[in-house]
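Participant: have a look at this prediction, sequence included:
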Amino acid sequence: MHGGGAAAAAAIAQAIKASGAIVRMEPNDFVQIVHRAEEPIVVMATSKIFGRTSYKYLTSYKGLAFYTKSPSQLPLGVRAELVYAKQIWIPG
């Protein structure tokens, strides 16, 4: 790796160390995790690229962080407490 690439890889590695393991999953699997939790808290952020909105979600379950990205809003159920964030950034 050259200087910029090595620096980026080091920054990603440091972010992962700071945040712990993040499990990326398909949207349907994410919804299943949310439905398993007794009192789910879900962080959601939207972004627009080329006129298309995408939805990013982050939650915690049994000590792990779970993340997904979807082209449409997910059916999280009435028990889920939704927290809106300006942005969700996941390293790597």
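Facilitator: On my side now, so go ahead. Numbers count the residues shown, from 1 in each chain.

Participant: can you check the pLDDT for the residue nearest to residue 27 when sequence neighbours are not counted?
Facilitator: Leaving aside its chain neighbours, residue 27 sits nearest to residue 70 (4.2 Å; criterion: Cβ to Cβ, 6 or more residues apart in numbering). For every residue, glycine as well, the C-beta is placed using N, CA and C. On pLDDT, residue 70 comes in at 97.

Participant: before we move on, which element is the residue nearest the centre of the chain in?
Facilitator: Geometric centre of the chain, nearest residue: residue 67, 3.0 Å, by Cα atoms, centre = their mean. Taking DSSP states H and E as the criterion, residue 67 maps to strand 64-70.

Participant: can you map out the helices along this protein?
Facilitator: 3-19, 27-36 (DSSP state H).

Participant: angle of the shortest one against strand 64-70?
Facilitator: Orientation of helix 27-36 against strand 64-70 (axes from the mean of the first three to the mean of the last three Cα atoms, to 10 degrees) gives an angle of 140 degrees.

Participant: same question for helix 27-36, mean pLDDT?
Facilitator: Mean pLDDT, computed over helix 27-36, is 96.

Participant: mind giving me the packing neighbours of it?
Facilitator: Judged by 3 or more Cβ pairs under 8 Å, 6 or more residues apart in numbering; DSSP states H and E, the packing partners of helix 27-36 are strand 52-61, strand 64-70.

Participant: check contacts around the residue nearest to the centre of the chain.
Facilitator: Residue 67 is in contact with 22, 23, 24, 25, 30, 56, 57, 58, 88, 90, counting by Cβ atoms under 8 Å, 6 or more residues apart in numbering.

Participant: which pLDDT value does the model give the last one?
Facilitator: The per-residue pLDDT reported for residue 90 equals 81.

Participant: swap in the third one?
Facilitator: Per-residue pLDDT puts residue 24 at 94.

Participant: residues in contact with it?
Facilitator: By Cβ under 8 Å, 6+ apart, residue 24 lies in contact with 67, 68, 90.
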